[in-house]
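Q: Got a predicted structure here, sequence first:
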Amino acid sequence: TTNSSPVAFLLRPALSLILFLASHAHNASAWSGGNLGNQPQRMRPLSSSRADSSGGVCASATAKSRRDLLLSIPSAAAAVATAFTLPTKSANAAVTDETDTFAAADSAYRGLSQFDPPAITRQQSITTTSDEFVVSIVKEDLKSGGGLGLELADIAFRTNRRVYVKSVRPNSLADRKGIKKGWVLVSVDGASAERTNAEGAAIMVSRSVRASADESSSNMLELRFRDPAVFQEQLKSLEQGQEITTQVAPAGDTTQRKEDGSVKRGESVTDQVDQKLSVVQLIPPKICKRGSSVDDLLEISYLGTVVETGQVFDGSAIKVDGKPIPGRGNDVSLFFVLGKQPFGQFPPGFDAGLQGMCVGERRRLIVPPVLAYGSVGVPRRGIPPNATLQYDITLVSINGLAMPQ
């Protein structure tokens, strides 16, 4: 069994003993003809209903005794369970921030959060993104200019699919409009293109152009793109109070399905809202000529709360149910390698939101469920399914150097 509860742990040896006795009673009856004494008896087939001439019981009686013994197991197990029942604990642990308690009186770690703005209360899925823009094209120019001059491709991961610009033909209409290779196509005339493939996006554009003959339609084709490089550059040039946002996964059906569209065995029908990651600079660095990048060893002090409830669930200096985290030794910071952390050690939102960060800088990350603990959550820490998380993070050192770089 995979049940690791205290009751199951205590029941396991008792049930093993019952099954062991049942098995030996069966073996002794089958091989000795019912005689449990020291005199060896000739083995008799279990299918025989003939009584043993030496006084042993017949096979049918032996089978009945085995059945009686096996039927007694549930009641015996229930008795053991009653005898070993333990008091239950609350499912949610009480997590408290102990940064000011663990840090020395003159430590720079103390009071890090006293000037932080209040926690957000907005719906993160409707936050405006900072790395998207619209390219407007006159439909008549598209018709007379030999097409747009774009080659689209798509990439898929589980239920998420993205259409991106694979190439731009030189001197084409797209080239003159400044469209670049690698941009992600977000929408066509306001209709989302993030859950279709390259062929579907091309059909959306074609339909929009053909609709120009209708007097009620616009004569402009509006293509919304996302440039992944823009968000990365914004991370490197954040200013105090500035917030940047990118969408990491679109709204829609997230059900795991087979190729024929049917739901995979063991899965259920699920969906999600737009998943957006936001980063805000709370405290600027005093000096910064070098920000963090992938492969850097970062030392951080942080506190994590659930946006929907305001409950503290994690931090670099916390107590759980009044007890420190084993192995941390009341430290107020911890280390991890940016972009190379083991799966599950930290939310992937850390890798996305801490790039370009400087020593002494403090940031707030608003992490969507898809970059946190998803549709499962962590109930024992008070994280419900599909929870948005807030992390307030201070960068203490890069590669062991705590001096501004």
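A: Happy to help now that I have it. Numbering: from 1, shown residues only.

Q: low pLDDT regions in the stretch 251-400 of the chain?
A: Per-residue confidence of the stretch 251-400 of the chain (counting by pLDDT under 70) places the weak regions at 327, 343-344.

Q: There's contact between residue 377 and residue 386 in this structure, I believe.
A: Yes - checked against C-beta atoms under 8 Å, the pair residue 377 and residue 386 is within contact range at 7.3 Å. In short, each C-beta sits where N, CA and C put it, glycine included.

Q: What are the buried residues along stretch 195-209?
A: Of the residues in stretch 195-209, those scored as buried under the neighbour-count criterion (16 or more other C-beta atoms under 10 Å) are 195-198, 201-202, 204-205, 208-209.

Q: tell me the average confidence for it?
A: Regarding stretch 195-209, the rounded mean pLDDT is 91.

Q: distance between it and the chain's centre?
A: With C-alpha atoms, centre = their mean, to the nearest Å as the basis, stretch 195-209 stands 31 Å off its chain's centre.

Q: on that earlier part again, and which of the buried residues of stretch 195-209 is nearest residue 392?
A: When the buried residues of stretch 195-209 are ranked by distance to residue 392 (C-beta to C-beta), residue 195 comes first, at 33.1 Å.

Q: State the next helix or strand along the chain beyond the helix or strand where residue 209 lies.
A: With elements taken from DSSP states H and E, the one containing residue 209 is helix 198-210. Going down the chain from helix 198-210, the next helix or strand is strand 220-226, by DSSP H and E.

Q: quick one, the helix holding residue 209 and strand 220-226 angle?
A: Here helix 198-210 points in a direction 150 degrees away from that of strand 220-226 (axes from the mean of the first three to the mean of the last three C-alpha atoms, to 10 degrees).

Q: May I have helix 198-210 exported as CSV, CA atoms only?
A: Coordinates of each C-alpha in helix 198-210 appear next as CSV, following Å, rounded to 0.1, in the frame of the first residue of the first chain:
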residue,chain,number,x,y,z
ALA,A,198,0.1,27.8,-37.8
GLU,A,199,-2.4,26.6,-40.4
GLY,A,200,-5.3,27.8,-38.3
ALA,A,201,-3.7,31.3,-37.8
ALA,A,202,-3.2,31.6,-41.6
ILE,A,203,-6.9,30.8,-42.1
MET,A,204,-7.8,33.5,-39.5
VAL,A,205,-5.8,36.1,-41.5
SER,A,206,-7.3,35.0,-44.8
ARG,A,207,-10.9,35.2,-43.5
SER,A,208,-10.2,38.7,-42.1
VAL,A,209,-8.9,39.9,-45.4
ARG,A,210,-11.8,38.4,-47.4
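
Q: And it, what does it pack against?
A: With contacts taken as 3 or more C-beta pairs under 8 Å, 6 or more residues apart in numbering; DSSP states H and E, helix 198-210 sits against helix 139-144, strand 150-157, strand 160-168, strand 184-188, strand 220-226.

Q: and the ones you listed as JSON lines, adding distance to residue 397?
A: Formatted as JSON lines, the entries for these read as follows, by distance: least, C-beta to C-beta, whole Å:
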{"stretch": "helix 139-144", "distance to residue 397": "53"}
{"stretch": "strand 150-157", "distance to residue 397": "34"}
{"stretch": "strand 160-168", "distance to residue 397": "35"}
{"stretch": "strand 184-188", "distance to residue 397": "34"}
{"stretch": "strand 220-226", "distance to residue 397": "33"}
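
Q: Need the winner for burial among the ones you listed.
A: Mean neighbours per residue, mean count of other C-beta atoms under 10 Å, is largest over the helices and strands packed on helix 198-210 for strand 184-188, with a mean of 21.

Q: Give me the mean pLDDT for it.
A: Confidence for strand 184-188, expressed as mean pLDDT, is 95.

Q: which residues are contacting that strand?
A: For strand 184-188, the external contacting residues (C-beta atoms under 8 Å, 6 or more residues apart in numbering) are 132, 152, 162-165, 192-194, 201, 204-205, 208, 221-228, 247.

Q: after it comes which helix or strand?
A: Following strand 184-188 in sequence order, the next helix or strand is strand 191-192 (DSSP H and E).

Q: Give me the sheet partners of that next one and which way each runs.
A: Neighbouring strands of strand 191-192 in its sheet, by DSSP bridges, are strand 184-188 (antiparallel).

Q: got the angle between the strand it pairs with and strand 160-168?
A: An angle of 100 degrees separates the directions of strand 184-188 and strand 160-168 when computed by the same axes, to 10 degrees.

Q: how far is strand 184-188 from where the chain is centred?
A: 25 Å.

Q: what do you get for stretch 224-234?
A: Its chain's C-alpha centre lies 23 Å from the corresponding centre of stretch 224-234 when counted by C-alpha atoms, centre = their mean.

Q: List of residues touching it?
A: Outside stretch 224-234, the residues that touch it by C-beta under 8 Å, 6+ apart are 129-135, 165, 179-180, 182-188, 190, 244, 246-247, 355-356.

Q: same thing with stretch 334-350?
A: Counting by C-beta under 8 Å, 6+ apart, 277, 292-300, 316, 328, 351, 354-355, 365, 367-368, 371-373, 389, 391, 393 sit against stretch 334-350.

Q: Regarding residue 231, what is its secondary structure?
A: Each residue gets one of three states, and residue 231 gets helix by DSSP: H, G, I helix; E, B strand; the rest coil.
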